[in-house]
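> One predicted model, sequence on top.
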Amino acid sequence: MKFFYTLLFTVLSISMFAQDKTANDSIKQMDSELNEVVIDKKKKAVERRADRVIFDFSEQDYLNSGSLMEGLRKLPGLFISEVGGAIYQGKALQVYMDGRPLNIYSNELMTYLESMPANTVEKVEIITNPGAEFPATSGGAIINIITAKNAKKDLSATYSNGYSYTNYDKARHRFNNSVTLSAANKLFSWQIQGGQSYGESYNRGNFYSPDVIITNNYSDRYNRFYYLRTGVKFDFKYDRLLVNYNITTSNNSSYVEASGLGFTASDKSHTKNFYNDVALTYQKRFENPLKKLDFLFNYNNNDGNFDQQSRITQNDVLSNDSNQDFYQFKTDYSQDISLLDKGKISAGVLADLLDFQAMSFGTTNLDYRRSTYAAYAEAQTTYKKLEFIAGGRLESYNIEGNTDTDDLIPFNQTRFFYNGTVQYTLIPQIYAKANYNKKISLPDTSALNPNNTNYQNPNIEFYGNPNLEPTIYNNYEIELNAFEYFFINYSITEANNEITTRVITTDEGTAARVSENVDKVTTRSFNFGIPVPYMLFTKGLTETLKMNFNPDEINFLYIYAGSRKNIIPGLDTKAVWNFNLMSQLILPKKVKFTANFNTTSAGGNYLYYTVKQPIYQRLDLTFSRKFLSDNLSVSVYVNDVFNTNTQNYGLVGTNLSSDNKYDSRRVGFSLNYKIPGKNKQDKQEDILNNNTPQQKENTIGN
């Protein structure tokens, strides 16, 4: 314990000294139109605010050298799996892209993140405590993936690409290319970002009991992914209009050899998805720059098709289609107020509609319709060293529909959701925080879909449940954080009608994965992160404190540990511990070496899955360097050096187990070239990311 206190004191002392200059130079950007002065300020690797944590991808080569999925899995505290979904520090995440809900889920979401190149992402922000201005349906937390690049007035361009291969049993390749173009004039600015990725991969999955093999599956996968993101911003005297249109399409194939109890199969599956999204945002501004009024209309459509055919009989095994339309309108208003020291109030309304149809062999077997109406108000203020956020949100839901055999159980309900945060500044850049919010999670269309959009054989099937009910969450959290890098927090989430998936055995002795509601689940999470500069061991504490340095540009080791325990009445569950070690070394010739190691404990539970061996255990190594006045970034990497990445679960309530292994040991390179513009002092503008000012500035603290 004495060592822990010494280490903590050392890290905080170093951080305080090192960031003193940064703190003095920092400027809180209350509005981008307030200041035309360009400040050349180096981006922080991590930025921690009262309600969110922001991870910079654009300058962190170890995060942006592979796929977006690979980069996300290296973030301390973020855990992504097909079993648990996306979880950050024990909280389930709703996925946003450029400030808007992505509205794709489950295996489709996993494929999307695996196909998206990480070097096209600017930053990732995880909103750990969504306030009242965010939909109450955000559940526990929100991850917002920001692909937008900052545009300048003169024509500018960025080209990115990457290549990697693995040799599990034969050579398999992946590559991606993307281009970003942007320009601006006195009337409007525009930006286009387009690209593609192609990936080959191998996967092995098994379901088995002590006495029998239910199924062994071996699959070769070929994923083709294309995207185009566009944005135009029109400037008026005070106001501006933003128009965004995005297209994503994928065309994926999988060849599967399977065998098990009583069968042998050779199949081919084919998945097509076409996703398009349009957003219109009108931002009304006033002479008082802290007074704002925004209007947003958003529409997106997701059209999917999944077919499976036997290569032995040439018969169609599955032919499942789906179509989803989502409409949303919202308006947000905010202005500063004189409340205690200083403050801000925000208010707004929202209306959205979701239509979803699922078809199997041309027959519509689910027609689902959901509408939501909401209004919110929130106040923020400071008093000396205290900061307060309090808000409330009223939401009304109407869910109805039918399958091909019966009507769905209707859900008509109006609920009030409230949130509150108190943050206390112990000393500059050291904060203690307590937070509470009440949220809801509506069933996603992947869990509702009665059709199988996964591989299926005679011994394993996947089912959705059109009659799933929403989940109500009560989230409690306390946290201490310092200088962006050190934090320790504890949270409790109480969920009623938790939506989960589990594997069951059928009367025929086969297996099926189903979606269902669990009456009550309590999740307890503990998380801890601390940086350790290597100079502490070579120069000692006294000499280290005399130095003025940027923590992002020194040699250090970052240590993260976190536990998550699901408590389900009637089940004996244990916590799962996640561990992350990230080491950065600055080598000669300005080469940056980064090593990232992830693992978990064994023996714990993710709801109805028991972890039999460490999940996603892997060591990733990255070497990177900048050239041509830092305009060209080149990185070489090796992921999963020791080929230890695997999953192995016991399936609660059955005598079955499942394991999964894919070709995660991968060697590759990535480059990102920013073609220099004529005027380096041009003001930068973000015109693809359609965040409202409330979303950008919803805290008045750090």
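Arrived safely, thanks for sending.

> which residues of the stretch 451-600 of the chain fall in helices?
Applying DSSP state H, counting those that start in this stretch to the stretch 451-600 of the chain gives helices spanning 535-546.

> Tell me the strands beside the helix or strand harbouring Val232, with direction?
Assigned by DSSP states H and E, Val232 belongs to strand 213-235. When pairs are called by DSSP bridges, strand 213-235 turns out to pair with strand 188-208 (antiparallel), strand 240-260 (antiparallel).

> Give me the residue ranges of the stretch 1-150 of the chain where confidence is low.
Counting by pLDDT under 70, the ranges of the stretch 1-150 of the chain that qualify are 1-42, 148-150.

> Just put the strands paired with strand 213-235 in TSV and tack on distance to Glu498, mean neighbour count and mean pLDDT.
Bear in mind the C-beta positions are built from the backbone N, C-alpha and C, glycine included. Formatted as TSV, the strands paired with strand 213-235 follow (distance: least, CB to CB, whole Å; neighbours: other CB atoms under 10 Å; pLDDT from 0 to 100):
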stretch	distance to Glu498	mean neighbour count	mean pLDDT
strand 188-208	24	19	94
strand 240-260	30	18	96
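
> any chance of those in a markdown table, plus distance to Lys292?
A markdown table is the format used below for the strands paired with strand 213-235 (distance: least, CB to CB, whole Å):
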| stretch | distance to Lys292 |
| --- | --- |
| strand 188-208 | 20 |
| strand 240-260 | 11 |
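
> Gln617 contacts Asn598, doesn't it?
Yes: between Gln617 and Asn598 a contact is recorded at 6.7 Å, counting by CB atoms under 8 Å.

> who has more neighbours, those two?
Remark: of Gln617 and Asn598, Asn598 carries more neighbours, 24 against 18, as counted by other CB atoms under 10 Å.

> which residue ranges form the strands in the stretch 601-702 of the chain?
Using DSSP state E, counting those that start in this stretch, the strands of the stretch 601-702 of the chain run over 605-606, 609-611, 618-627, 632-639, 647-651, 657-662, 666-675.

> Could you list every helix and strand that the first one packs against?
Taking 3 or more CB pairs under 8 Å, 6 or more residues apart in numbering; DSSP states H and E as contact, the helices and strands that strand 605-606 lies on are strand 556-567.

> What mean pLDDT does the strand it packs on get?
Strand 556-567 shows a mean pLDDT of 95.

> Give the buried residues for it.
Within strand 556-567, the residues that count as buried by 16 or more other CB atoms under 10 Å are Phe556, Tyr558, Ile559, Tyr560, Ala561, Gly562, Ser563, Arg564, Lys565, Asn566.

> In CSV, list those residues along with distance to Gln309.
Formatted as CSV, the buried residues of strand 556-567 follow (distance: CB to CB, whole Å):
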residue, distance to Gln309
Phe556, 53
Tyr558, 48
Ile559, 49
Tyr560, 45
Ala561, 47
Gly562, 43
Ser563, 45
Arg564, 40
Lys565, 43
Asn566, 39
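
> any idea which of those is the one closest to Pro289?
Checking the buried residues of strand 556-567 against Pro289 by CB to CB gives Tyr558 as the nearest, at 37.5 Å.

> still on that earlier bit, quick one: closest of the strands paired with strand 213-235 to Tyr606.
Minimum separation from Tyr606 across those (CB to CB) falls at strand 188-208, 17.0 Å.

> which sections of this structure are below the confidence cut-off?
1-42, 148-153, 545-546, 548-552, 677-702.

> Nearest residue to the middle of it?
Ile143 (4.1 Å; CA atoms, centre = their mean).

> burial measure for Ala358, as a count.
Neighbour number of Ala358 under other CB under 10 Å is 26.

> Please apply the same query to the one 5 residues further on.
Summarising burial for Thr363: neighbours were counted as other CB under 10 Å, giving 8.

> what's the residue nearest to the centre of the chain sitting at in phi/psi?
With angles defined as degrees, to the nearest 10, Ile143 sits at phi -110, psi 120.

> Ok, Gly653 next?
Dihedral angles (degrees, to the nearest 10) for Gly653: phi 90, psi 0.

> Show the contacting residues for it.
Arg502, Ile504, Tyr608 (CB atoms under 8 Å, 6 or more residues apart in numbering).

> do you know how far the closest residue in space to Thr471 that isn't next to it in sequence is from Asn217?
Nearest residue to Thr471, sequence neighbours excluded (CB to CB, 6 or more residues apart in numbering): Ser441, at 4.4 Å. Using CB to CB, to the nearest Å, Ser441 is found at 31 Å from Asn217.

> One more: Asn206?
7 Å.

> sorry, back to before: identify, from the buried residues of strand 556-567, the entry nearest to Val667.
Tyr558 (24.4 Å).
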